[in-house]
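Asker: The sequence and its predicted three-dimensional model are supplied below.
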Amino acid sequence: MIKTVLSFCTMLSALGLALVARAADEHKHEEVHINEAVAILLPMKASGVNGAILLKQEKGYVQVSGEVSGLKPGKHGFHIHMFGDLRSPDGMSAGGHYNPKGHEHGGPDAKEHHEGDLGNIDANDKGIAKVDVKATGVELHHIVGRSVVVHGDADDLTSQPAGNAGPRIAVGVIGLAEVKTPATAK
């Protein structure tokens, strides 16, 4: 059942990108501007971890916010990964960290780091982590169709190539979000 849902999510993500490109071509738009995206985190290997992450394009960065639950208390690596492929039950089909410029892994405040390096999220004693991160050097339209990954352990922010953050315990494809206007926000 989970494999079917994951395959369906991957297919929807690809379809969404194709429809955006097609709509841009049909309407002679030179550029499609994406303001908001969402990733619904699904548990890997029955981890029980899930959540919803909203990504919003701001001037010069992407604001990443939301909530993740089912975590063990403490820090967990949190990254944008290359692919929105959820076919493997361990999340490995999501590939490595999003890193188009070929930088070394590091913390989000380091001079050099992967564009997908978002540091750690911190789960409270109830296993809930509130997410509020600025992804600098990232453009939202470049990461739609990729994935958000939560790891089982803390990212040490230095080990290469990925911070020694342990297994992938939740993964979600970054997809286009319905942008609510005052009229549709009901």
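Answerer: It's in.
Asker: show me what contacts the spatially most central residue of the chain?
Answerer: Closest to where the C-alpha atoms of the chain average out (C-alpha atoms, centre = their mean) is residue 148, at 2.1 Å. Contacts of residue 148 were listed using C-beta atoms under 8 Å, 6 or more residues apart in numbering, and they are 39, 41, 53, 64, 78-81, 171-172, 174. The way it works is simple: take the backbone N, C-alpha and C, and place the C-beta from them, glycine included.
Asker: and the two most separated of the residues you listed?
Answerer: Taking C-beta to C-beta as the measure, those span a maximum distance of 14.9 Å, between 64 and 171.
Asker: quick one, which of those two is more surrounded?
Answerer: A side-by-side neighbour count of residue 64 and residue 171, using other C-beta atoms under 10 Å, places residue 171 first with 29 against 23.
Asker: From residue 50, how far out is that one?
Answerer: According to C-beta to C-beta, to the nearest Å, residue 171 and residue 50 sit 10 Å apart.
Asker: Need the residues touching each of these two.
Answerer: Joint contacts of residue 171 and residue 50 (C-beta under 8 Å, 6+ apart) are 41-42.
Asker: For stretch 127-136, which outside residues touch it?
Answerer: The set of residues external to stretch 127-136 that reach it, using C-beta under 8 Å, 6+ apart, is 51, 53, 55, 58, 60-73, 76, 78, 80, 108, 115, 118-119, 121-123.
Asker: Could you check how far that stretch is from the centre of its chain?
Answerer: Remark: stretch 127-136 is offset 11 Å from the chain centroid, using C-alpha atoms, centre = their mean, to the nearest Å.
Asker: cool, stretch 67-82 as well?
Answerer: 11 Å.
Asker: where exactly do the strands run in the chain?
Answerer: Secondary structure of the chain (DSSP state E): strands located at 36-43, 50-58, 61-69, 74-81, 117-123, 129-136, 147-151, 168-176.
Asker: what about those, which gets the closest to residue 87?
Answerer: strand 168-176 (10.5 Å).
Asker: so what strands line up beside that closest one?
Answerer: strand 36-43 (antiparallel), strand 147-151 (antiparallel) (DSSP bridges).
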